[in-house]
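S.K.: need a 3D model of the following:
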Amino acid sequence: MTAFTRTALRRKSARRITAVGLVTAGTLFLAACGGDGMDGMDHGSDSGSASATDQAGDADQAGDFNDADVTFAQMMIPHHEQALEMAELADGRASDAEIKELAGEIEKAQDPEIKTMKGWLESWKQPTAMESMPGMDHGGDGSGDGMMSAADMEELKAMKGTGFDKAFAEMMIEHHNGAISMAEDEQKNGTNADAKKMAGTIIKGQSAEVKQLQSIVDRL
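M.R.: Numbers count the residues shown, from 1 in each chain. Model prediction:
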(Lines give C-alpha, C1' and ligand atoms only; values in the text may rest on other atoms or scores of the structure.)
Protein backbone atom coordinates (compact mmCIF):
# COMPACT_ATOMS: atom_id res chain seq x y z
CA MET A 1 0.00 0.00 0.00
CA THR A 2 1.43 3.38 -0.94
CA ALA A 3 1.69 6.34 1.40
CA PHE A 4 -1.00 8.11 -0.64
CA THR A 5 -3.43 5.21 -0.27
CA ARG A 6 -2.88 4.97 3.50
CA THR A 7 -3.48 8.73 3.84
CA ALA A 8 -6.70 8.51 1.82
CA LEU A 9 -8.03 5.65 3.99
CA ARG A 10 -7.25 7.55 7.21
CA ARG A 11 -9.15 10.61 5.95
CA LYS A 12 -12.17 8.46 4.92
CA SER A 13 -12.24 6.75 8.33
CA ALA A 14 -12.02 10.12 10.10
CA ARG A 15 -14.97 11.46 8.06
CA ARG A 16 -17.03 8.34 8.95
CA ILE A 17 -16.33 8.76 12.68
CA THR A 18 -17.19 12.46 12.50
CA ALA A 19 -20.49 11.73 10.70
CA VAL A 20 -21.47 9.02 13.21
CA GLY A 21 -20.67 11.40 16.07
CA LEU A 22 -22.85 14.12 14.59
CA VAL A 23 -25.77 11.73 14.06
CA THR A 24 -25.48 10.44 17.62
CA ALA A 25 -25.31 13.95 19.08
CA GLY A 26 -28.26 15.02 16.98
CA THR A 27 -30.32 12.05 18.12
CA LEU A 28 -29.56 12.76 21.78
CA PHE A 29 -30.44 16.43 21.31
CA LEU A 30 -33.78 15.63 19.67
CA ALA A 31 -34.60 13.09 22.36
CA ALA A 32 -33.86 15.64 25.07
CA CYS A 33 -35.94 18.30 23.37
CA GLY A 34 -38.73 15.85 22.73
CA GLY A 35 -38.70 14.75 26.38
CA ASP A 36 -38.84 18.31 27.65
CA GLY A 37 -41.63 19.11 25.24
CA MET A 38 -43.65 16.08 26.27
CA ASP A 39 -43.11 16.77 29.96
CA GLY A 40 -44.24 20.29 29.42
CA MET A 41 -47.26 19.13 27.51
CA ASP A 42 -48.13 16.53 30.15
CA HIS A 43 -47.76 19.00 32.98
CA GLY A 44 -49.75 21.55 31.08
CA SER A 45 -52.49 19.02 30.50
CA ASP A 46 -52.55 18.02 34.18
CA SER A 47 -52.65 21.62 35.24
CA GLY A 48 -55.42 22.36 32.79
CA SER A 49 -57.42 19.37 33.99
CA ALA A 50 -57.02 20.36 37.63
CA SER A 51 -58.03 23.90 36.82
CA ALA A 52 -61.09 22.73 34.90
CA THR A 53 -62.03 20.44 37.78
CA ASP A 54 -61.64 23.25 40.29
CA GLN A 55 -63.74 25.54 38.14
CA ALA A 56 -66.41 22.87 37.78
CA GLY A 57 -66.39 22.39 41.55
CA ASP A 58 -66.77 26.14 42.09
CA ALA A 59 -69.59 26.22 39.57
CA ASP A 60 -71.36 23.36 41.35
CA GLN A 61 -70.95 25.07 44.70
CA ALA A 62 -72.23 28.36 43.33
CA GLY A 63 -75.15 26.72 41.57
CA ASP A 64 -76.36 24.40 44.32
CA PHE A 65 -79.30 26.64 45.18
CA ASN A 66 -81.89 28.64 43.29
CA ASP A 67 -84.43 31.37 44.01
CA ALA A 68 -86.93 28.84 45.36
CA ASP A 69 -84.40 27.64 47.95
CA VAL A 70 -83.68 31.21 49.03
CA THR A 71 -87.39 32.07 49.27
CA PHE A 72 -88.07 28.91 51.25
CA ALA A 73 -85.45 29.76 53.87
CA GLN A 74 -86.32 33.47 54.01
CA MET A 75 -90.02 32.77 54.54
CA MET A 76 -89.70 29.72 56.78
CA ILE A 77 -87.44 31.50 59.29
CA PRO A 78 -90.08 34.04 60.47
CA HIS A 79 -92.73 31.33 60.15
CA HIS A 80 -90.80 29.11 62.57
CA GLU A 81 -90.09 32.08 64.82
CA GLN A 82 -93.80 32.73 65.23
CA ALA A 83 -94.40 29.05 65.98
CA LEU A 84 -91.79 29.32 68.74
CA GLU A 85 -93.52 32.43 70.08
CA MET A 86 -96.82 30.56 70.16
CA ALA A 87 -95.22 27.53 71.84
CA GLU A 88 -93.65 29.72 74.51
CA LEU A 89 -97.09 31.11 75.39
CA ALA A 90 -98.13 27.64 76.54
CA ASP A 91 -95.93 28.01 79.59
CA GLY A 92 -98.22 29.24 82.38
CA ARG A 93 -101.32 29.31 80.13
CA ALA A 94 -101.91 25.77 78.88
CA SER A 95 -103.73 23.29 81.12
CA ASP A 96 -103.74 20.25 78.83
CA ALA A 97 -100.73 17.97 79.30
CA GLU A 98 -100.65 17.03 75.63
CA ILE A 99 -100.60 20.69 74.56
CA LYS A 100 -97.73 21.37 76.95
CA GLU A 101 -95.77 18.41 75.61
CA LEU A 102 -96.45 19.34 71.99
CA ALA A 103 -95.39 22.94 72.59
CA GLY A 104 -92.07 21.63 73.90
CA GLU A 105 -91.62 19.41 70.84
CA ILE A 106 -92.26 22.36 68.51
CA GLU A 107 -89.57 24.40 70.24
CA LYS A 108 -87.13 21.48 70.14
CA ALA A 109 -87.64 20.89 66.41
CA GLN A 110 -87.94 24.39 64.98
CA ASP A 111 -85.27 26.35 66.86
CA PRO A 112 -82.38 24.31 65.33
CA GLU A 113 -84.01 24.56 61.90
CA ILE A 114 -84.03 28.36 62.16
CA LYS A 115 -80.29 28.35 62.86
CA THR A 116 -79.65 25.96 59.97
CA MET A 117 -81.62 28.06 57.47
CA LYS A 118 -79.84 31.25 58.57
CA GLY A 119 -76.56 29.42 57.97
CA TRP A 120 -77.65 28.52 54.45
CA LEU A 121 -78.52 32.09 53.58
CA GLU A 122 -75.22 33.32 54.97
CA SER A 123 -73.27 30.75 52.92
CA TRP A 124 -75.31 31.67 49.85
CA LYS A 125 -74.60 35.36 50.51
CA GLN A 126 -78.32 36.11 50.65
CA PRO A 127 -80.22 38.31 53.16
CA THR A 128 -82.01 36.45 55.95
CA ALA A 129 -85.26 38.24 55.14
CA MET A 130 -87.01 39.29 51.97
CA GLU A 131 -87.56 42.99 51.39
CA SER A 132 -91.28 42.34 51.12
CA MET A 133 -93.03 39.20 52.28
CA PRO A 134 -96.77 39.42 51.66
CA GLY A 135 -98.79 37.65 54.30
CA MET A 136 -95.91 37.15 56.70
CA ASP A 137 -97.02 40.04 58.92
CA HIS A 138 -100.75 39.74 58.44
CA GLY A 139 -102.65 36.50 58.90
CA GLY A 140 -105.87 35.65 57.10
CA ASP A 141 -105.03 37.50 53.87
CA GLY A 142 -105.45 34.46 51.65
CA SER A 143 -101.71 33.97 51.17
CA GLY A 144 -101.93 30.46 52.62
CA ASP A 145 -98.81 30.83 54.77
CA GLY A 146 -100.72 30.21 58.02
CA MET A 147 -99.17 33.16 59.83
CA MET A 148 -101.12 34.63 62.73
CA SER A 149 -101.92 38.34 62.77
CA ALA A 150 -100.85 40.57 65.62
CA ALA A 151 -104.48 40.55 66.82
CA ASP A 152 -104.48 36.73 66.80
CA MET A 153 -101.35 36.64 68.93
CA GLU A 154 -102.75 39.17 71.42
CA GLU A 155 -105.94 37.13 71.70
CA LEU A 156 -103.94 33.97 72.39
CA LYS A 157 -101.86 35.73 75.04
CA ALA A 158 -105.02 36.76 76.90
CA MET A 159 -106.29 33.18 77.21
CA LYS A 160 -105.69 30.52 79.86
CA GLY A 161 -106.75 26.97 80.60
CA THR A 162 -108.97 25.06 78.20
CA GLY A 163 -109.74 28.16 76.19
CA PHE A 164 -106.03 28.62 75.52
CA ASP A 165 -105.54 24.93 74.75
CA LYS A 166 -108.24 24.87 72.10
CA ALA A 167 -107.27 28.19 70.51
CA PHE A 168 -103.61 27.16 70.49
CA ALA A 169 -104.43 23.86 68.79
CA GLU A 170 -106.65 25.49 66.16
CA MET A 171 -104.13 28.24 65.40
CA MET A 172 -101.22 25.82 65.25
CA ILE A 173 -103.11 23.60 62.80
CA GLU A 174 -103.50 26.57 60.46
CA HIS A 175 -99.88 27.57 61.06
CA HIS A 176 -98.57 24.06 60.37
CA ASN A 177 -100.65 23.74 57.20
CA GLY A 178 -99.04 26.93 55.92
CA ALA A 179 -95.56 25.53 56.63
CA ILE A 180 -96.44 22.25 54.92
CA SER A 181 -97.58 24.13 51.81
CA MET A 182 -94.34 26.14 51.74
CA ALA A 183 -92.30 22.96 52.17
CA GLU A 184 -94.17 21.27 49.33
CA ASP A 185 -93.33 24.23 47.08
CA GLU A 186 -89.66 23.84 48.03
CA GLN A 187 -89.63 20.15 47.17
CA LYS A 188 -91.24 20.91 43.83
CA ASN A 189 -89.19 23.95 42.80
CA GLY A 190 -85.99 23.96 44.87
CA THR A 191 -82.63 22.48 43.87
CA ASN A 192 -80.60 22.49 47.09
CA ALA A 193 -80.46 18.96 48.51
CA ASP A 194 -80.30 20.06 52.16
CA ALA A 195 -83.21 22.49 51.79
CA LYS A 196 -85.35 19.87 50.06
CA LYS A 197 -84.47 17.36 52.77
CA MET A 198 -85.55 19.80 55.49
CA ALA A 199 -88.74 20.48 53.56
CA GLY A 200 -89.45 16.75 53.65
CA THR A 201 -88.81 16.67 57.40
CA ILE A 202 -91.21 19.59 57.91
CA ILE A 203 -93.93 17.93 55.84
CA LYS A 204 -93.62 14.64 57.71
CA GLY A 205 -93.29 16.09 61.22
CA GLN A 206 -95.89 18.82 61.01
CA SER A 207 -98.43 16.62 59.19
CA ALA A 208 -98.26 14.23 62.15
CA GLU A 209 -98.64 17.16 64.57
CA VAL A 210 -101.67 18.46 62.66
CA LYS A 211 -103.39 15.11 63.21
CA GLN A 212 -102.45 15.17 66.89
CA LEU A 213 -103.68 18.76 67.30
CA GLN A 214 -106.96 17.95 65.56
CA SER A 215 -107.52 15.07 67.94
CA ILE A 216 -106.94 17.47 70.86
CA VAL A 217 -109.47 19.94 69.43
CA ASP A 218 -112.00 17.12 69.03
CA ARG A 219 -111.75 16.05 72.66
CA LEU A 220 -111.65 19.48 74.31
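S.K.: identify each buried residue in the host helix or strand of Val210, please.
M.R.: Here Val210, judged by DSSP states H and E, is contained in helix 193-219. Across helix 193-219, burial judged by 16 or more other CB atoms under 10 Å covers 195-196, 198-199, 202-203, 205-206, 209-210, 212-213, 216. Where C-beta positions appear, they are placed from N, C-alpha and C, glycine not excepted.
S.K.: packing partners for it?
M.R.: helix 67-89, helix 97-123, helix 161-189 (3 or more CB pairs under 8 Å, 6 or more residues apart in numbering; DSSP states H and E).
S.K.: can you tell me the SS state at the closest residue to Lys118 other than its chain neighbours?
M.R.: Counting by CB to CB, 6 or more residues apart in numbering, the nearest residue to Lys118 once its immediate chain neighbours are dropped is Thr128, at 5.6 Å. Three-state assignment for Thr128 (DSSP: H, G, I helix; E, B strand; the rest coil): coil.
S.K.: contacting residues for Thr128?
M.R.: 74, 77, 118, 121-122 (CB atoms under 8 Å, 6 or more residues apart in numbering).
S.K.: ok, now Lys100?
M.R.: Contacts of Lys100 (CB under 8 Å, 6+ apart): 90, 94.
S.K.: about what we covered before: show me which of the contacts of Thr128 is closest to Asp185.
M.R.: Gln74 (12.8 Å; CB to CB).
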